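Undergrad: have a look; sequence and predicted model below, questions after that.
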Amino acid sequence: MSEFILETNNLKEEFPEKTVLHDLSFKLKRGTFLSIVGENGVGKTTLIKIILGQLKPSNGTVTFPDKQENIKIGYVPQFRNIDDEYQLSVKNFIGLNFSGYHLPWLTPKEKLRLNKVLQQTNLSKLQNESMGQASGGEKQRAYLAQALVNEPDLLILDESTASLDPVAKEDLLNLVRELNQKTAVTVISVTHDIPLAQQFSDEYLLLKSDGFETGPIGQLKITDYEGGQEHV
Ligand SMILES: Nc1ncnc2c1ncn2[C@@H]1O[C@H](COP(=O)(O)OP(=O)(O)OP(=O)(O)O)[C@@H](O)[C@H]1O
């Protein structure tokens with residue numbers, strides 16, 4: 001198994017109005033918690049879409065040294081509220097994401113996995129509650145649990161804590177960090193919250209309008225971030 005889960009080489013995305021990602025090359029070590037930061041519009045979500053294979057870069061490549069088909073990716077979206085009337089239980093909501101989900105019941109193996117993920121995300125007690133009645137932080141933990149059911153090698157959080165209150169933000173990231181340290185799942189977190197990135201990550205990737213910077217999180221200075229504090 002390679003030491004690296006993915007690497008990008010000279011990535012560039014040319015949109016009609018704008019070019020983002022300027023010969024972006026970096027290697028991500030397995031087990032790392034990487035925060036991707038940068039101003040609005042510098043290409044953070046574009047990079048995630050390229051990694052997920054949803055968008056083809058205009059130039060450059062993303063490669064998975066251990067072959068793409070062997071790498072499972074879990075994705076946690078930005079928080080979106082779910083209608084109060086949404087009746088699906090927390091447990092069934094999480095189960096929706098099992099790959100090969102096509103039966104109205106779960107296999108014994110899937111049930112075991114679901115119970116483990118419910119425990120890992122502190123949702124066991126809430127499993128039979130309806131998603132509509134869960135708090136914002138609980139809903140977001142359910143999205144995290146959905147991303148975890150297929151035992152991903154790489155977990156991608158795309159501004160997943162934005163719109164949560166400060167306590168729920170920290171709870172979610174504490175959980176992700178614990179999973180990262182216990183199970184060695186690699187984490188990529190896109191965020192505008194520099195203090196939280198500094199608290200929870202190992203490495204950073206700062207995208208800029210004309211380039212990028214990467215290194216250990218201790219080297220990321222708030223002043224490096226164009227716009228600084230006003231975006232925190
Ligand atoms: N499909 C597209 N066609 C044309 N332009 C696009 C497309 N997707 C993104 N862009 C433009 O590319 C730039 C980068 O978008 P992207 O969503 O990757 O930025 P971001 O860094 O994630 O921003 P934010 O912090 O606001 O979420 C933006 O100016 C956006 O308008």
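TA: It's in. Not measured: the values here are computed from a predicted model.

Undergrad: measure Lys27 to Val185 for me?
TA: As judged by C-beta to C-beta, to the nearest Å, Lys27 and Val185 stand 18 Å apart. (Each C-beta comes from the backbone N, C-alpha and C, glycine too.)

Undergrad: do the same with Gln133
TA: From Gln133 over to Val185 (counting by C-beta to C-beta), the distance is 29 Å.

Undergrad: surely Thr186 meets Ile51?
TA: No: judged on C-beta atoms under 8 Å, Thr186 makes no contact with Ile51 at a distance of 11.4 Å.

Undergrad: give me the helices and strands touching the longest helix seen in the chain, please.
TA: As assigned by DSSP state H, the longest helix anywhere in the chain is helix 166-183. Here helix 166-183 touches strand 33-37, helix 136-148, strand 154-158, strand 186-190, helix 194-200, going by 3 or more C-beta pairs under 8 Å, 6 or more residues apart in numbering; DSSP states H and E.

Undergrad: circling back: neighbour count for Lys27 and Val185, which is higher?
TA: More crowded of Lys27 and Val185, by other C-beta atoms under 10 Å: Val185, with 22 against 16.

Undergrad: and for the more buried one, nearest residue in space, chain neighbours not counted?
TA: Closest residue to Val185 apart from its sequence neighbours, by C-beta to C-beta, 6 or more residues apart in numbering: Leu155 at 5.3 Å.

Undergrad: same check, this time on Leu148
TA: Val117 is the one closest to Leu148 (C-beta to C-beta, 6+ apart), at 4.9 Å.

Undergrad: ok now do the one you found, which residues does it touch?
TA: Shown in contact with Val117 (C-beta atoms under 8 Å, 6 or more residues apart in numbering): 94, 145, 148-149.

Undergrad: having no further points to raise, I will conclude here.
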